[in-house]
Structure formats: C-alpha cells, structure tokens
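J.: Curious how this folds, go ahead:
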Amino acid sequence: MIHKGDKLSDTQLISLIEKGNELAFNELYESYWPLLFPYCLNILHDEAATEDVLHEVFVNLWVNRKKSKIKSARAYLFIATRNKAISYLRRVKLTDLDKEIIENLTLPPQVEEEFAGLDLNKKIKDAVGQLPQRCKDIFFMSRYDEYSNAEIADHFNISQRTVENQLHRALKHLRQSLSNFFFFF
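T.: Predicted coordinates for the structure are as follows:
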C-alpha cells in the first residue's frame, strides 16, 4: 500500500498503477510533469496545446494501465509525449518549420539509450531462445553464471573443446541475429 510521502521507484509506481492505485499515479504525474512540459513545449510552442497533450498522455496511461506492459516509465512517457505532440501537429495545419521540427525531433539521450537497451535485451533473449538447449545451457553458464570452460565441461561430462565449439556456435548465432539491430544504432 502506498501512502502520501512514500518515495517509490518508477517500476514500483507502474506496478501499483496497473493495480489501480491513484496515489502512485499522482506521484508519477507529479514527478514527470515538470520534465515533460518543457520537452513538449519545445515541440509545440504553445502552452495550452502542451497541457492538452500531456493530459492526454497521462489519461491514456491511466485508462490503459491494465493492458500496457511498461518496462520504463521514463522512456514510455517521453516517447508517448513525442508521439502525441506529433499527432497534434498533424491535426493542425503544418508549416514548413513544423515539418522540419518533426524531422529533427529526438528524445533526450538517456531515454534513447534506455529504450535501445530494453530493445537490445529483448533481441538478445529472443536470439538465445532460438539456440538448441545444450548450446543455450552452455552459453548461460559461461556468460551469465561465469563458469569456466573446464567447469562447464565437467558439469556436462564433455570435452573443453566441445564447450568452446558450443560457445562459438552461440556467439555466431547472436552476431547474425543482432546484425540488423546494430545496423540501426
């Protein structure tokens, strides 16, 4: 249960919001409004429109709280604000300057990095999930559990050379699976 004055992480707040906790929603709103307002105002150059867009972002967050699977509140809110601001600009008559602003629009670097990191982690997990079970087990023991090749060989009662071959196979598969991802970043 959240009480007024509690300081929770964004992840905890999102979890509570998904359960319908209004205090958690208010805390998230109060934390991010001051950050999102200047960001959105920089896009729209209109305070009333900025307020409307931000209210819409937060209303959508609340209305869709049970459906959305938000990993990062910061990334979600900045991206949603950018997208709503662009939609707003499209609804009103766009000038050439507005079109140029939209084309050059970027997220704050830390949000871009966080968003890219979340996407990369998912791609790695998906790629590793495609490996044969033994190869996957060896990869996890080596890279995540930090077992040596000798320890892995002893565990599976196989040669160290077989462990090396399986790791080579896993890394080759990951490079191929992630090559398109790194092309874009």
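J.: Map the structural domains onto the sequence of this protein.
T.: Per automatic domain parsing, the structural domains of the chain span 10-107, 114-184.
J.: for these, which one ends up most surrounded?
T.: Compared across the domains of the chain, domain 10-107 shows the largest average neighbour count, a mean of 16 (mean count of other C-beta atoms under 10 Å). Every residue, glycine included, has its C-beta placed from N, CA and C.
J.: What's the mean pLDDT across it?
T.: Across domain 10-107, the average pLDDT comes to 84.
J.: so how far is that domain from its chain's centroid?
T.: In terms of C-alpha atoms, centre = their mean, to the nearest Å, the centre of domain 10-107 is found 15 Å from the chain centre.
J.: again with stretch 122-136
T.: 20 Å.
J.: Can you give me the end-to-end span of it?
T.: 16 Å (C-alpha to C-alpha, to the nearest Å).
J.: contacts for it?
T.: F139, F140, F156, Q166, R169, A170, H173, L174, S177, L178, F181 (C-beta atoms under 8 Å, 6 or more residues apart in numbering).
J.: between these, which is closest to L35?
T.: Taking C-beta to C-beta as the measure, F181 is the one of those closest to L35, at 28.0 Å.
J.: Report pLDDT for the closest one.
T.: 52.
J.: From here on, call the first residue 2.
T.: In the new count, where the first residue is 2, that last one comes out as F182.
J.: Give me the mean pLDDT for the helix or strand hosting I153.
T.: Per DSSP states H and E, I153 falls inside helix 150-157. For helix 150-157, mean pLDDT rounds to 89.
J.: orientation of the next helix or strand after it relative to helix 150-157 in degrees?
T.: Remark: after helix 150-157, the chain's next helix or strand is helix 161-185, criterion DSSP H and E. Here the directions of helix 161-185 and helix 150-157 differ by 110 degrees (axes from the mean of the first three to the mean of the last three C-alpha atoms, to 10 degrees).
J.: ok, residues contacting helix 161-185?
T.: 120-121, 124-125, 127-129, 131-132, 135-137, 139-140, 143, 150-151, 153-154, 157.
J.: change it to 7 Å
T.: Here helix 161-185 makes contact (C-beta atoms under 7 Å, 6 or more residues apart in numbering) with 121, 124-125, 128, 131-132, 135-136, 139-140, 143, 150-151, 153-154.
J.: From the chain's centroid, how far away is it?
T.: Worked out by C-alpha atoms, centre = their mean, helix 161-185 lies 24 Å from the chain centre.
J.: about what we covered before: so what does the helix holding I153 touch, helix or strand wise?
T.: Under the contact criterion of 3 or more C-beta pairs under 7 Å, 6 or more residues apart in numbering; DSSP states H and E, helix 150-157 touches helix 134-144, helix 161-185.
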